[in-house]
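>>> Curious how this folds, go ahead:
(chains A, B and C)
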Amino acid sequence: MAREKLFERSSNFNLTDPQSLLRWAQWLKGKSLRESLDALQPANRRIALEAAERFAKAEIRADGSFKGPKGILGVLTEIIHFGLAPDNIAAADLKEAGLELKVTGLVKNSKGVRAKERLSLGMIDYSKCLKSGKSFEDDLEIQKSLNGLLLMTYWYKARETNPLDLIFHDAMIWKPEGKERIRIRQDWTFIQGCIQSGHAHMLSERYAYALGAPPKGAGKDTDFQAQPVRQPIDYPQTIKHFVAMGVEEEQADYATKDFKERSKRPGQSVKGYVLPKDPALAKRLGPFPARRRCYSLTNSYLTKLVRANITKD
DNA sequence: CGAGGCTCTCCTTTCCTGGC
DNA sequence: GCCAGGAAAGGAGAGCCTCG
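Numbers count the residues shown, from 1 in each chain, chains lettered A, B, ... in the order given. Okay, here's the model as predicted:
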């Protein structure tokens, strides 16, 4: 099912043509969303404002001031710039072109441009990771992004309360192929291996080349769940398991040693592994409860991508 | 129709590294 | 060996959705 079109911007792009979507995304280079909004005909402008209100609780007043959540640049971009209604269907945003739309912030420091944050791609479903025969290629949660990501970057500005004033930097289509894709598949395999070997509580971004597993949740104890494999297998077996699955020996060896160290410090984040604060919940969930996590492109990898593929500034 | 679950995104803490 | 700044990683608020 295609996205609901709010209005036609057919002179600007063709929803089935990735390159036209990229060009249209790049139109925003050096501009803000406000300019895209101003370029709309009055009738469409009204539709866009109404949609922003409906989908994002964002009130854009006639004088250009803004009232609403500030972290909704992505949603506003979809609505205003592409004329599409957001939905929460698992398929890619720009399905006809096979592209997933992501809007992400950049910052500049002494060493140059970098990504402000990791980029989250989709939630990890622990129970699904146990199904045998489930392959990387079948994991839609992540393939929708790996099959083509229309990545739009903007200059992050702390304390900016009006998303319409944020300046876009550039846009690119990212579709990992060849070596890059294989490397990402290994990261994915590593994550599956952690869950299958009873180490879901050890998942982290630190073992990743590109694809990490940072925590993602509503905060507090509700983020925890019993992991599907209750008892971790021992470390020699864990290495073997990883390698048999296709993880590089170096990564498997490093991670397993690190697991061993961290396992000595339950309840200590980073150097150990996190636990629910409520002891009763911890007891109910069993010995190694796992936090809700997502698949993400790590900050450092995203930074590399941005530096390599997007025009220097 | 209300409680709790889910997911979006931003915020805070911890850790690492490079310069002295 | 210490300090500061920046990066990595964990933590969390809020709104929407789902299900009883």
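>>> From here on, just use CA atoms for contacts and neighbour counts.
Fine.
>>> tell me which strands and helices the helix or strand hosting residue A:239 is in contact with?
Secondary structure from DSSP states H and E places residue A:239 in helix A:235-245. On a contact count with 3 or more C-alpha pairs under 8 Å, 6 or more residues apart in numbering; DSSP states H and E, helix A:235-245 meets helix A:178-196, helix A:249-262.
>>> Following the longest one in sequence, what is the next regular element?
Next helix or strand after helix A:178-196 toward the C-terminus (DSSP H and E): strand A:211-212.
>>> Starting from that next one, tell me which strands it pairs with and how they run.
Strand A:211-212 has the following sheet partners, assigned by DSSP bridges: strand A:294-297 (antiparallel).
>>> The strand it pairs with - what's its average pLDDT?
Across strand A:294-297, the average pLDDT comes to 86.
>>> for that strand, which positions count as buried?
By neighbour count on 16 or more other C-alpha atoms under 10 Å, the buried set for strand A:294-297 is A:294-297.
>>> Excluding chain neighbours, give the residue nearest to residue A:5 in space.
residue A:84 (4.8 Å; C-alpha to C-alpha, 6 or more residues apart in numbering).
>>> how deep is that neighbour tucked in, by neighbour count?
The tally of other residues near residue A:84 (other C-alpha atoms under 10 Å) stands at 24.
>>> so what's it up against?
Residue A:84 makes contact with A:3-7, A:78, according to C-alpha atoms under 8 Å, 6 or more residues apart in numbering.
>>> Pipe the helices and strands packed on helix A:235-245 into CSV and attach mean neighbour count and mean pLDDT per row.
Formatted as CSV, those follow (neighbours: other C-alpha atoms under 10 Å; pLDDT from 0 to 100):
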stretch, mean neighbour count, mean pLDDT
helix A:178-196, 20, 88
helix A:249-262, 16, 83
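>>> got those as TSV, with distance to residue A:68 columns?
TSV is the format used below for the helices and strands packed on helix A:235-245 (distance: least, C-alpha to C-alpha, whole Å):
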stretch	distance to residue A:68
helix A:178-196	36
helix A:249-262	42
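>>> in chain A, which spans are strands?
Using DSSP state E, the strands found in chain A span residues A:59-60, A:66-67, A:100-109, A:112-115, A:119-123, A:149-155, A:168-174, A:211-212, A:224-225, A:290-291, A:294-297.
>>> Which among the ones you listed is found nearest to DNA strand C?
Nearest to DNA strand C among the strands of chain A is strand A:100-109 (5.6 Å), distances taken as C-alpha to the nearest atom of the strand.
>>> can you give me the mean pLDDT across the closest one?
So the average pLDDT for strand A:100-109 ends up being 84.
>>> Given it, what are its sheet partners and their directions?
Partners of strand A:100-109 in the sheet, by DSSP bridges, are strand A:112-115 (antiparallel), strand A:149-155 (parallel).
>>> is the helix or strand of chain A with the lowest mean pLDDT anywhere near DNA strand B?
Ranked by mean pLDDT, DSSP states H and E, the weakest helix or strand in chain A is helix A:279-285, scoring a mean of 74. No: using C-alpha under 7 Å from any atom of the strand, helix A:279-285 stays clear of DNA strand B, coming no nearer than 11.1 Å.
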